[in-house]
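I need the structure of the sequence given here:
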Amino acid sequence: MSAVLIAEPEPTIRGYLERHLADDGFEIVGAGDGQAAWEAAERASLDLVLLGDASVLDACRERVGDVPVIVLGVEGADAVDRVRAFARGCDDFLARPFLYDELLARMRAVLRRAAPPHGETVTVDTIRIDIPARGVAVAGERVRVGGKEYELLLKLASDPRRVFRKEELLRDVWGFRSNGITRTLDSHASRLRRKLQTDGHGPFVINVWGVGYKLVE
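So this is what the prediction gives:
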């Protein structure tokens, strides 16, 4: 059971989320928008925060450390709002109005990515990643990849059918804190794609135009 803090200023939405997430098997360790909610979070072993006010994201990080945070953005939030939230350290962003089922799917995806690996290898389709050796093979054939290509592959393989936004990949793989104009991601993704898609295997490292990349269809 994953422990969730609902730091949401709107009482109606907060109550709705608290009720339905509990029904879906989550442990609600706190719900509110004040000191009591944060104190509850500090006393608990927390797995995820739903944050309804992006302006307190820095303060949230000081309270919860590396615990994953999903920001529930204001209605009408645009790309600038999303980029700024990612640059300040959120793990996902969902603007209002949102569908509960989409939020639930995003929560589970974030929790999967944050979970410690169960083994020392990751297998996706014909790709096998040997984590201790930092080795990559496709259909049993060794593929030589560079350091950042390997880190990009490992990130994409953590949730292979999910589209990772460009700003998220730049932040998590390269440590960029803003989404300025750069060809770094695209050039690495292109080289990695060429190396993996050998002898008819793939497609891999799929570019979803205007959004980002995913590892497989």
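
Please name the residues that touch D24.
D24 makes contact with L104, according to C-beta atoms under 8 Å, 6 or more residues apart in numbering. For glycine as for every other residue, the C-beta is placed from the backbone atoms N, C-alpha and C.

What's the per-residue pLDDT of it here?
Listed pLDDT for D24 reads 87.

What distance do you get for A139 to F204?
Distance, A139 to F204, using C-beta to C-beta, to the nearest Å: 12 Å.

how many neighbours does the nearest residue to L192 once chain neighbours are set aside have?
Of all residues not flanking L192 in the chain, E149 sits nearest, at 4.5 Å (C-beta to C-beta, 6 or more residues apart in numbering). Neighbours of E149 under the rule other C-beta atoms under 10 Å: 21.

Please name the residues that touch E149.
Counting by C-beta under 8 Å, 6+ apart, E149 touches H188, R191, L192, K195.

Of those, which is the most crowded?
When neighbours are counted by other C-beta under 10 Å, L192 leads those with 24 neighbours.

Need the residues that contact the longest helix anywhere in the chain.
In the chain, taking DSSP state H as the definition, the longest helix is helix 100-114. Applying C-beta under 8 Å, 6+ apart, the set of residues contacting helix 100-114 from outside is 2, 4, 16-17, 20-21, 24, 26, 47-48, 50, 68, 70, 72, 91-92, 94, 158-159, 162.

With stretch 151-165 instead?
Here stretch 151-165 has contacts from 82, 86, 109, 112-113, 122, 124-125, 127, 129, 131, 136, 145, 169, 172-173, 185, 188-189, 192, 196, 205, 208, 211-217, using C-beta under 8 Å, 6+ apart.

and with 6 Å instead?
Under the contact criterion C-beta atoms under 6 Å, 6 or more residues apart in numbering, stretch 151-165 has outside partners 109, 113, 122, 124, 172-173, 188, 208, 211-216.

same thing with stretch 49-60?
Under the contact criterion C-beta under 6 Å, 6+ apart, stretch 49-60 has outside partners 5-9, 64, 67, 69-72, 85, 88.

I'd like the residues you listed written out as JSON lines, with neighbour count and secondary structure added.
Conversion of those to JSON lines gives the following (neighbours: other C-beta atoms under 10 Å; DSSP: H, G, I helix; E, B strand; the rest coil):
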{"residue": "L5", "neighbour count": "27", "secondary structure": "strand"}
{"residue": "I6", "neighbour count": "25", "secondary structure": "strand"}
{"residue": "A7", "neighbour count": "24", "secondary structure": "strand"}
{"residue": "E8", "neighbour count": "22", "secondary structure": "coil"}
{"residue": "P9", "neighbour count": "14", "secondary structure": "coil"}
{"residue": "V64", "neighbour count": "19", "secondary structure": "helix"}
{"residue": "V67", "neighbour count": "19", "secondary structure": "coil"}
{"residue": "V69", "neighbour count": "24", "secondary structure": "strand"}
{"residue": "I70", "neighbour count": "22", "secondary structure": "strand"}
{"residue": "V71", "neighbour count": "28", "secondary structure": "strand"}
{"residue": "L72", "neighbour count": "24", "secondary structure": "strand"}
{"residue": "A85", "neighbour count": "23", "secondary structure": "helix"}
{"residue": "R88", "neighbour count": "16", "secondary structure": "coil"}
